[in-house]
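A.B. asks: return atomic coordinates for the entry below.
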Amino acid sequence: MELNGVPPTIEQIKALALTNYGHFTSMLVESGKVRGLSLHLQRLTRDCRYLFNTELDAQRVRDYVRHALAGDDQRTVVRVTIYDPALDLGTIGNDANPRVLVTTRAAGEGLPAPWRLQAVSYQREIPAVKHISLFGALQRRRAAQRDGFDDVLFLNPDGTISEIATSNIGFVRDDEIVWPRAEYLAGVTMTLINQELDEPVTSKPLTLSDLAGVDAAFGTNAATGVRPIASIDDREWPTDHPAVQRLRELYADIPAERV
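C.D. replies: Model prediction:
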């Protein structure tokens, strides 16, 4: 863990627990490279402008990530969190001087297991921003796991599908890739797949009743890539559908950028 390239103090970390105002991105680093690194950096600069009304130096972020990795070539999940340790509940309106917190953890090996999702009505605050206020999402994920599921699928107040707690969701229908049309965080993995697909990308409002015509479902995020979804509530799909396998292969073939 490094804050602006050096180990943080307890006082600097306390702001994450006591104020919890900031944003982040997570990325998978393999042999010093990241798929969609430019998109991750664009997300950080965009969200910093929105939350802190200031510009973030993307090259400085890149340098901090490289320093935290210290030449480690193992598969690593890197999280970059942007926040200002000086802001607290009473001074949140002050001019900000955001810092760059880089944390690392070993990435899992092998293919991720298929997801079993529980659908619940919930919408994240400011869905387009990858902010660190995850209480609502994690509380619902915890409840879903206590009920025997792996994760949670969010439904808007009108019943339309939006996203998984920390991932995007897509569907296969008649060999066509369909994304929900809703307010959600458009993830880097989802964006990269859309850029690589030869066929037009389809986005439609979808409800749980529309899933009767779906042939397969999958989730996407930067840590695990493309992950098959085995079920949503009591509706099940095969997890070896050729279209999902094709998306996995397509994503794996995307050139990565050097950190």
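A.B. asks: and the chain, what are its domains?
C.D. replies: Domain assignment of the chain by automatic domain parsing yields the ranges 2-106, 115-254.
A.B. asks: how long is the first one end to end?
C.D. replies: The reference is to domain 2-106. End-to-end distance for domain 2-106, by C-alpha to C-alpha, to the nearest Å: 16 Å.
A.B. asks: what segments of the stretch 1-150 of the chain are helices?
C.D. replies: 10-18, 37-52, 58-69, 135-146 (DSSP state H, counting those that start in this stretch).
A.B. asks: okay if I get the ones you listed as TSV plus mean neighbour count?
C.D. replies: (Each C-beta comes from the backbone N, C-alpha and C, glycine too.) Formatted as TSV, those follow (neighbours: other C-beta atoms under 10 Å):
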stretch	mean neighbour count
helix 10-18	12
helix 37-52	18
helix 58-69	17
helix 135-146	15
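A.B. asks: mind putting the domains of the chain in TSV, mean pLDDT included?
C.D. replies: Formatted as TSV, those follow (pLDDT from 0 to 100):
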stretch	mean pLDDT
domain 2-106	96
domain 115-254	96
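A.B. asks: could I get the helices of the stretch 1-150 of the chain as a markdown table with distance to residue 238?
C.D. replies: Formatted as a markdown table, these follow (distance: least, C-beta to C-beta, whole Å):
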| stretch | distance to residue 238 |
| --- | --- |
| helix 10-18 | 41 |
| helix 37-52 | 31 |
| helix 58-69 | 38 |
| helix 135-146 | 22 |
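A.B. asks: tell me which of these sits nearest to residue 175.
C.D. replies: helix 37-52 (26.9 Å; C-beta to C-beta).
A.B. asks: what angle separates that closest one from helix 58-69?
C.D. replies: With axes from the mean of the first three to the mean of the last three C-alpha atoms, to 10 degrees defining the directions, helix 37-52 sits at 110 degrees from helix 58-69.
A.B. asks: what helices or strands is helix 37-52 leaning on?
C.D. replies: Secondary-structure packing of helix 37-52 (3 or more C-beta pairs under 8 Å, 6 or more residues apart in numbering; DSSP states H and E): strand 23-29, helix 58-69, strand 76-83, helix 188-196, strand 257-258.
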